[in-house]
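Participant: What follows is a protein structure lacking sequence information:
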Ligand SMILES: [Cu+2]
């Protein structure tokens, strides 16, 4: 019970405060107008103050914002092809009623959780099973979100197959989910990328198949309306379709996805955060993070001097372009926009990753130390967009020579 109060104290206090303020304002206004109307008959004592209050409310709100709806935010109007990102009030009540059923999950996907290279020389049938699950996870110390996930983590699992493979995708929606979900894989050639044949109600399961025609690193995401709202709750991941001959061998591979989270509470506000659809439409995320939460990569990305490292980096969006950079490294190879098939770009400092897109970068570690992965739109560091790759090994003074003074943690 106490834990429930801790999670909900911010929205509860806000609601109570707003209710007190509204009642007090109306009562005060009514008393004033009632006093002014005391020279009129009893009937008009009510009608006149009532009409004046209604006119005031109309002028203040409805004349500019239109009529309110039973959704959050109440005045938001949208024009997408399907349901907007507004939260129906009944969903909010259902969520609160069922809050104890939600699993508390560590939603940060381990960046080193990458399936091994395919190694096959012939096509095969690959079975993929993914479960959509709504959980409560910690974005930052004391800051909680209701995440919607693939397999309980953000991003969902990295799927790996080979060009020419037949991929059977089974998507299951956990019975405790409040929403319908599906999967749109950008690796699919077919309507909706699979979304229209994979809509699953809570407790339901569906399977569809596709042939992996094009090699590349592709984003997948939930495409159930409102798509952007599902994605900014954490519903994205990637699928790597290796070329027939495979990718060049490297020592280490890591899996990272940038994403935006839109909370009604300001950056760092503790407690359970309510999704803010207006901030999402405006493109003003409070949190911009790798792998679902702040500091999710730290302690999980390790390499040695001399290692060749490959990063599979995606951007779940839904608004921002990522300027992906590793502080202290130069990308020896970049597969721009994760396109496989042409020669990679050489010697790149920063690469762009569009929303709903990806990149593959490779570099050799030449010196021991800490390398910071960032979105080089660097104000985003303070919203969470950074992570550390640690490299151990022998120094090579010819490549890098100097003494740390321990004073600056700037980089
Ligand atoms: Cu979904």
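Facilitator: Sure thing, it's come through. Just so it is clear, the model here is predicted, and its values are computed rather than measured.
Participant: State which helix of this structure is the longest.
Facilitator: If you go by DSSP state H, the chain has its longest helix at helix 2-36.
Participant: which ones are touching the closest residue to the ion within the stretch 251-400 of the chain?
Facilitator: For the stretch 251-400 of the chain, the residue closest to the ion is residue 316, as judged by Cβ to the ion, at 12.4 Å. To be clear about C-beta, it is placed using only N, CA and C from the backbone, and glycine gets the same treatment. Going by Cβ atoms under 8 Å, 6 or more residues apart in numbering, residue 316 touches 155, 219, 221, 231-232, 234, 236, 257-260, 355-356.
Participant: So which of those residues are in helices?
Facilitator: residue 231.
Participant: these two touch, right, residue 223 and residue 192?
Facilitator: Yes - judged on Cβ atoms under 8 Å, residue 223 makes contact with residue 192 at a distance of 6.3 Å.
Participant: Show me what from the protein comes close to the ion.
Facilitator: Within the chain, the positions adjacent to the ion are 181, 222, 224, 230, 235 by Cβ under 5 Å from the ion.
Participant: Can you flag which of the contacts of residue 316 belong to strands?
Facilitator: Among these, DSSP state E puts 219, 221, 236, 257, 258, 259, 260 in strands.
Participant: How many neighbouring residues does the fourth one have?
Facilitator: By that I understand residue 257. Residues within reach of residue 257, counting by other Cβ atoms under 10 Å, total 27.
Participant: what stretches of the stretch 201-350 of the chain score poorly on pLDDT?
Facilitator: The model of the stretch 201-350 of the chain has no residue with pLDDT under 70.
Participant: so where do the strands sit in the stretch 1-150 of the chain?
Facilitator: 71-72, 87-88, 103-104, 125-140, 143-150 (DSSP state E, counting those that start in this stretch).
Participant: what angle separates the longest one from helix 2-36?
Facilitator: So the one you mean is strand 125-140. Orientation note: strand 125-140 sits at an angle of 60 degrees relative to helix 2-36 (axes from the mean of the first three to the mean of the last three Cα atoms, to 10 degrees).
Participant: For the closest residue to residue 120 other than its chain neighbours, give me its contacts.
Facilitator: Leaving aside its sequence neighbours, residue 120 sits nearest to residue 162 (Cβ to Cβ, 6 or more residues apart in numbering; 5.9 Å). Neighbouring residues of residue 162 by Cβ under 8 Å, 6+ apart: 118, 120, 123, 124, 212, 241, 242, 243, 244, 246.
Participant: Give me the phi and psi for the third one.
Facilitator: This means residue 123. Backbone geometry at residue 123, expressed as degrees, to the nearest 10, gives phi -70, psi 160.
Participant: ok, it - how many residues close by?
Facilitator: So residue 123, with other Cβ under 10 Å, has 15 neighbours.
Participant: go on, the fourth one?
Facilitator: Using other Cβ under 10 Å as the criterion, residue 124 is surrounded by 12 other residues.
Participant: still on that earlier bit, look up how far the ion lies from the residue nearest to residue 120.
Facilitator: 28 Å (Cβ to the ion, to the nearest Å).
Participant: before we move on, what about residue 29?
Facilitator: 44 Å.
Participant: give the contact list for the residue nearest to that residue when sequence neighbours are not counted.
Facilitator: Of all residues not flanking residue 29 in the chain, residue 53 sits nearest, at 5.8 Å (Cβ to Cβ, 6+ apart). If a contact means Cβ under 8 Å, 6+ apart, then residue 53 has 26, 29, 30, 33 as its contacts.
Participant: Nearest to residue 297 among those residues?
Facilitator: residue 26 (50.7 Å; Cβ to Cβ).
Participant: Which residue comes closest to the closest one once chain neighbours are left out?
Facilitator: residue 53 (6.8 Å).
Participant: Please identify which of the strands of the stretch 1-150 of the chain is closest to residue 324.
Facilitator: Nearest to residue 324, of the strands of the stretch 1-150 of the chain and by Cβ to Cβ, is strand 125-140 at 21.0 Å.
Participant: I'd like the average pLDDT over the closest one.
Facilitator: Across strand 125-140, pLDDT averages out at 97.
Participant: Can you name every helix or strand that it contacts?
Facilitator: strand 103-104, strand 143-150, strand 166-173, strand 287-290 (3 or more Cβ pairs under 8 Å, 6 or more residues apart in numbering; DSSP states H and E).
Participant: how does it look with 7 Å?
Facilitator: Packing partners of strand 125-140 (3 or more Cβ pairs under 7 Å, 6 or more residues apart in numbering; DSSP states H and E): strand 143-150, strand 166-173.
Participant: for those, which one sits closest to residue 375?
Facilitator: The nearest among the helices and strands packed on strand 125-140, by Cβ to Cβ, is strand 143-150 at 19.6 Å.
Participant: Can you tell me the strand partners of the following helix or strand past that closest one and which way each runs?
Facilitator: For strand 143-150, the following helix or strand on the C-terminal side (DSSP states H and E) is strand 159-162. Sheet pairing of strand 159-162 (DSSP bridges) gives strand 236-242 (parallel).
Participant: Can you check what angle separates the partner strand from strand 143-150?
Facilitator: Using the same axes, to 10 degrees: strand 236-242 against strand 143-150 is 40 degrees.
Participant: And the contacts of strand 236-242?
Facilitator: 118, 150, 155-163, 185, 187, 212, 214-221, 257, 259, 312, 314, 316, 358 (Cβ atoms under 7 Å, 6 or more residues apart in numbering).
Participant: and residue 225, how far is that from residue 196?
Facilitator: Residue 225 sits 12 Å away from residue 196, going by Cβ to Cβ, to the nearest Å.
Participant: how about TSV for the strands of the stretch 1-150 of the chain, with mean neighbour count and distance to residue 9 added?
Facilitator: Listed next are these as TSV, based on neighbours: other Cβ atoms under 10 Å; distance: least, Cβ to Cβ, whole Å:
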stretch	mean neighbour count	distance to residue 9
strand 71-72	18	18
strand 87-88	16	19
strand 103-104	12	17
strand 125-140	19	15
strand 143-150	23	11
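Participant: returning to what we had before: could you dump the helices and strands packed on strand 125-140 into JSON lines and include mean pLDDT?
Facilitator: Formatted as JSON lines, these follow (pLDDT from 0 to 100):
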{"stretch": "strand 143-150", "mean pLDDT": "97"}
{"stretch": "strand 166-173", "mean pLDDT": "98"}
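Participant: next one: stretch 14-33 to chain centre, how far?
Facilitator: Taking Cα atoms, centre = their mean, to the nearest Å, one finds the center of stretch 14-33 at 38 Å from the center of the full chain.
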